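Q: Next comes the sequence, and after it the predicted model I'd like to discuss.
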Amino acid sequence: MKIDKRLFKQLKQVKKDFYLSIFFSLIGGFFIVFQAWYLSKLLNNAFLKKETLHNLLPIIILLVTIIILRAVSVWLSEGFAGKTADKIKFILRKKLLNHIAQLGPIEANYEQTGELANTAINGIEDLDAYFSQYIPQLFITAMIPFTILFFIFPTDTLSGIIMILTAPTIPVLMTLIGNAAEKKTKQQWKALSRMSAYFLDTLQGIKILKILGRSKDQIKTIAEISNKFRLSTMSVLKIAFISALVLELIATLSTAIIAVEIGLRLLYGRIDFLMAFFVLVLAPEFYMPFRQLGLRFHAGMSGVAAADRIFKILGMPILSTQNKKIEIKELTNYTIEFKDVSFAYREKEKTTISNLSFLIEQNKKTALVGPSGAGKSTIVNLLLKFITPTNGKILVNNIDLQQIEVKQWRNLVSWVPQTPYLFNTTIRENIKIANPQASDKEIIMALKEANAYNFVMEMPQKLDTLVGERAIKMSGGQAQRIAIARAFVKDAPIIILDEASSNLDPQVENQIQEAIEKLTKNKTVLVIAHRLSTIINSDKIVVITNGKIVEQGTHNNLLNNKGFYSKLISSAQNTK
């Protein structure tokens with residue numbers, strides 16, 4: 001039978017529960033033999049020796065006790081097997097989610113969200129049957145038949161030989177069936193993952209599909225994907241049912257052979273009734289573990305199919321050096337310097353940014369401008385430690401950013417993106433994400449600073465108002481101001497603004513600009529913006545195009561140079 005080495009290694013983390021499960025299974029195997037023996041003895045004494053109930057009572061009590069103890073041992077074995085599976089699922093799910101978090105949003109975005117969610121939820125759950133049923137059954141199948149043979153061989157060698165000769169046919173057949181079952185199960189898992197990913201993708205883009213009149217086409221596509229999943233599931237079930245039938249047939253025929261040979265020997269007086277009945281009772285118990293293994297093999301294969309994807313994700317390299325634990329002295333002033341920094345995303349042969357060198361001075365505002373695709377967002381991702389430079393260094397107060405402990409660094413940085421993400425919870429909780437210790441008084445103060453206080457207080461539940469998934473219950477300007485309030489509560493010395501006031505009406509933009517001016521006062525600031533109102537007040541402007549810096553300076557100096565920046569400003573003014 002096939003064992004996935006990657007999954008089997010996980011048992012090292014839960015040795016105690018796993019060993020106890022196997023121990024009680026072995027104890028249960030001995031109770032099977034004792035139960036068969038005392039049942040045979042009871043019937044032999046009652047019907048052949050004609051003993052009275054008084055004489056039979058000790059055997060009856062002992063038999064009932066053995067039956068109860070067998071049931072308890074089975075219950076304990078299954079209980080510890082379940083605990084083993086639960087603990088391994090918890091460990092792997094935690095490890096998987098931590099790994100995805102450490103990969104960061106850039107690497108995670110290479111994967112489909114729905115497929116990742118399916119792996120983290122359904123994939124981990126599919127391991128339950130593997131650890132609670134399949135692996136324990138492997139050990140039970142290895143132990144109980146040998147336990148039974150240990151007691152049968154000294155008393156009835158012929159029946160023992162028949163058992164030895166017939167038993168191997170079951171694992172051989174299961175191995176042959178298992179190859180086909182494993183292939184079909186992996187196809188089923190891929191179909192489920194694709195269906196989950198596509199369905200989530202469709203839900204997230206339902207507005208666009210409705211506007212473009214393509215929602216019915218997507219329903220047809222989902223129906224096709226669902227049908228493929230149905231067919232793959234039926235293929236797995238077909239193999240499972242056929243294998244179960246064949247295994248039952250082999251086990252039944254083998255038991256029948258033993259019954260016939262014992263019956264003939266009993267008829268001719270070659271074996272006494274007590275031993276004959278003892279062997280007949282044990283014969284089905286001998287083949288039962290093999291039959292159970294056949295049934296649980298198919299349940300375990302779902303876990304193996306899911307494991308391929310789980311360990312593929314766990315094997316993805318973490319680009320940022322988050323394992324380093326160098327801490328820097330927390331200050332209020334930070335200077336950030338890019339020295340010959342280059343970076344290329346893994347799906348691109350060409351570098352996104354190349355040999356960038358510029359300085360973000362302490363307590364000053366540095367603006368980063370350039371056309372779409374110039375590399376501005378890549379610079380932000382580098383500063384947030386979502387990715388690491390391919391070449392060059394980013395120095396923070398002359399310390400390599402990649403040597404700074406990631407949690408400490410992110411505590412020093414506030415990021416206000418163009419489209420902030422608000423979780424489907426209350427306004428209070430969305431703001432407290434930045435600072436869990438923040439009081440309501442501090443939150444209200446932050447809302448006032450962000451020019452968000454008035455509209456929040458006008459809401460029926462005020463701070464307890466649910467914002468909805470992706471802040472669907474709020475306008476873009478309102479969500480942006482909540483994000484700025486979040487930055488006020490965090491009060492980090494370094495601020496990164498990624499086009500935080502774009503795509504808004506003039507009145508809301510003015511409110512946000514006013515809030516940003518308060519937020520960035522006496523802070524080290526990097527701002528990405530297209531609007532002149534955002535750029536003009538910057539202490540320094542860095543102009544980037546095609547991943548390279550073409551100009552640096554103040555607004556007036558760059559205009560006077562009549563270079564690329566001047567053309568950008570002229571183009572922006574002409575489009576108004």
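A: Received, thanks.

Q: Show me what the longest helix anywhere in the chain packs onto, helices and strands only.
A: With secondary structure taken from DSSP state H, the chain has its longest helix at helix 53-108. Contacts defined by 3 or more Cβ pairs under 8 Å, 6 or more residues apart in numbering; DSSP states H and E place helix 53-108 against helix 15-43, helix 124-125, helix 127-129, helix 135-152, helix 273-314. Glycine gets a C-beta too; all of them are placed from N, C-alpha and C.

Q: Which one, of the ones you listed, ends up nearest to Gln480?
A: Ranking the helices and strands packed on helix 53-108 by proximity to Gln480 (Cβ to Cβ) places helix 273-314 first, at 33.1 Å.

Q: quick one: Leu261 and Arg428, what's the gap?
A: Residue 261: Glu, not Leu. Remark: distance between Glu261 and Arg428 (Cβ to Cβ, to the nearest Å) = 78 Å.

Q: I'd assumed Leu127 was in contact with Ala306.
A: Yes - using Cβ atoms under 8 Å, Ala306 makes contact with Leu127 at a distance of 6.4 Å.

Q: wait, is Val542 part of a helix?
A: No - Val542: not assigned to a helix; according to DSSP: H, G, I helix; E, B strand; the rest coil it is strand.

Q: Near it, how many other residues are there?
A: By the criterion of other Cβ atoms under 10 Å, Val542 has 25 neighbours.

Q: just Arg93 next, same as before
A: Applying other Cβ under 10 Å, we find 18 residues neighbouring Arg93.

Q: Now it. Nearest residue, chain neighbours left out?
A: Distances taken as Cβ to Cβ, 6 or more residues apart in numbering put Ile124 closest to Arg93, at 4.7 Å, once the chain neighbours are dropped.

Q: For the one you found, give me its contacts.
A: Going by Cβ atoms under 8 Å, 6 or more residues apart in numbering, Ile124 touches Lys89, Leu92, Arg93, Leu96, Ala306, Ile310.

Q: can we see that at 7 Å?
A: Counting by Cβ atoms under 7 Å, 6 or more residues apart in numbering, Ile124 touches Lys89, Leu92, Arg93.

Q: Then Ile27?
A: Applying Cβ under 7 Å, 6+ apart, we find Ile27 in contact with Ser73.

Q: Any stretches of the stretch 301-450 of the chain with poor pLDDT?
A: For the stretch 301-450 of the chain, the stretches with pLDDT under 70 are 318-327, 330-331, 346-351.

Q: any chance you could map the strands in it?
A: 336-343, 353-360, 365-369, 391-396, 399-400, 413-416 (DSSP state E, counting those that start in this stretch).

Q: do the same with the stretch 451-576 of the chain
A: For the stretch 451-576 of the chain, the strands defined by DSSP E, counting those that start in this stretch cover 494-498, 524-528, 540-545, 548-553.

Q: Packing partners of the third one?
A: Using 3 or more Cβ pairs under 7 Å, 6 or more residues apart in numbering; DSSP states H and E as the contact criterion, the elements in contact with strand 540-545 are strand 365-369, strand 548-553, helix 555-561, helix 564-574.

Q: One more: the first one?
A: Contacts of strand 494-498 with other secondary structure elements, assessed using 3+ Cβ pairs under 7 Å, 6+ apart, are made with helix 376-383, strand 413-416, strand 524-528.

Q: Same list as before, those that is, but in JSON lines and with distance to Phe358 and mean neighbour count included.
A: Converted to JSON lines, the helices and strands packed on strand 494-498 look like this (distance: least, Cβ to Cβ, whole Å; neighbours: other Cβ atoms under 10 Å):
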{"stretch": "helix 376-383", "distance to Phe358": "9", "mean neighbour count": "21"}
{"stretch": "strand 413-416", "distance to Phe358": "18", "mean neighbour count": "22"}
{"stretch": "strand 524-528", "distance to Phe358": "10", "mean neighbour count": "24"}
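
Q: Can I get those in CSV including distance to Ile219?
A: Output for the helices and strands packed on strand 494-498, formatted as CSV (distance: least, Cβ to Cβ, whole Å):
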stretch, distance to Ile219
helix 376-383, 35
strand 413-416, 38
strand 524-528, 39
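
Q: between those, which gets nearest to Tyr268?
A: helix 376-383 (86.2 Å).

Q: residues contacting the closest residue to Arg486 other than its chain neighbours?
A: Among residues not flanking Arg486 along the chain, Ala434 sits closest, at 4.4 Å (Cβ to Cβ, 6+ apart). For Ala434, the contacting residues are Arg486, Ala487, Val489, Lys490, by Cβ under 7 Å, 6+ apart.

Q: Torsion angles phi and psi at Ala434?
A: With angles defined as degrees, to the nearest 10, Ala434 sits at phi -70, psi -30.

Q: for the one 3 residues further on, same thing?
A: Per-residue torsions, Gln437: phi -90, psi 0 (degrees, to the nearest 10).

Q: how close does it sit to Met301?
A: 48 Å.

Q: Compare the two (neighbour count), which wins?
A: Met301 (28 against 7).

Q: how about the nearest residue to the more buried one, chain neighbours excluded?
A: Thr185 (4.2 Å).

Q: again with Asp498
A: Leaving out its chain neighbours, the residue that sits closest to Asp498 by Cβ to Cβ, 6+ apart is Pro417, at 4.6 Å.

Q: Could you pull out the helices in the stretch 151-300 of the chain for me?
A: Shown for the stretch 151-300 of the chain, the helices assigned by DSSP state H, counting those that start in this stretch span residues 157-166, 169-204, 206-211, 215-267, 273-314.
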